[in-house]
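Visitor: got a predicted structure plus its sequence, pasted below:
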Amino acid sequence: MKFCVLGSGSKGNATYLESGETSILIDAGMSGVELEKRLSAIGVELSAIDAILVTHEHNDHVQGVGVLSRRAKIPVYANPATFSGASKTVKKLFSYNEFETGTPFYCRDLEIHPFSISHDTEDPVGYRISDGSVSLGYCTDTGKVSKLMLHRLASCQALVLESNHDIEMLLNGAYPPYLKQRIRSSQGHLDNVEAATFLQDLAHEKLQHVVLAHLSEENNHPEIALNGAVEALHNNPLCKDTAVRVSVANQGCVGELVSLSGR
């Protein structure tokens, strides 16, 4: 399995994943032109994409879904509430495929398990994606961590986790009070400490790579989020002697194409 965060943040989110003969996008929250450019940067043609999985209907996750689906005849997968909420943005699709949150389904070589998260949308989800050898857990845009999230993401070899803001930077920053409250709410976003605690609870001896995602450009610094995550891994006795790599997703450029082994 290989994956790459093509971009992550309030201006647009998309992640590429491939295994065997299957290639998918998780979200497509940028223009079609920009997403094609970012896929090309890692040597992937738009025509190779077999499906787009949608986490929720906010524009920074669905902006390019409709145009990519129509242009390249790509099926789109989401739950009914997300399709309804995103309909005005995505408009007509080549093919839409509804799933029930909590019920696994297959997309060619991949088993997809969508699970509930906590965000101010109709029915937001994270994903556990497995090819039978390794699994990737994807969980961003959640204001709290639940036992369900911990259960679904346990034992994944790779994780894409939200580490949205530094709480002091947010409180002392220029955002209006209503926006600060939204971000801090149980349906908002995880701060660095919450994200690090989440990671510490999830870490295990077979974890290979963690990508910290959806960092705020105004209320966070990559170094703060990274240091918190590295310390969290060090504090988990299962990871002290393992070589877990941690990287930070960028809003403006393509991340590393990460290869996972089935060791």
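Guide: Received, thanks.
Visitor: my read is that residue 140 contacts residue 213, right?
Guide: Yes - taking Cβ atoms under 8 Å as the definition, residue 140 is a contact partner of residue 213 at 5.0 Å. C-beta: built from backbone N, CA, C; applies to glycine.
Visitor: need the overlap of contacts for those two.
Guide: Common contacts of residue 140 and residue 213 (Cβ atoms under 8 Å, 6 or more residues apart in numbering): 8, 13, 160, 161, 162.
Visitor: of those, which is the most crowded?
Guide: Among the shared contacts of residue 140 and residue 213, residue 162 has the most neighbours (other Cβ atoms under 10 Å), with 29 neighbours.
Visitor: isn't it right up against residue 191?
Guide: No - counting by Cβ under 8 Å, residue 162 does not reach residue 191; the two are 9.5 Å apart.
Visitor: would residue 15 count as being in a strand?
Guide: Yes - Residue 15 sits within a strand when classified using DSSP: H, G, I helix; E, B strand; the rest coil.
Visitor: state the distance from the residue nearest to it when sequence neighbours are not counted to residue 227.
Guide: Leaving aside its sequence neighbours, residue 15 sits nearest to residue 26 (Cβ to Cβ, 6 or more residues apart in numbering; 4.3 Å). Going from residue 26 to residue 227 by Cβ to Cβ, to the nearest Å gives 26 Å.
Visitor: can you check residue 92 too?
Guide: Applying Cβ to Cβ, the value for residue 92 to residue 227 is 45 Å.
Visitor: cool, and residue 218?
Guide: According to Cβ to Cβ, residue 218 stands 19 Å off from residue 227.
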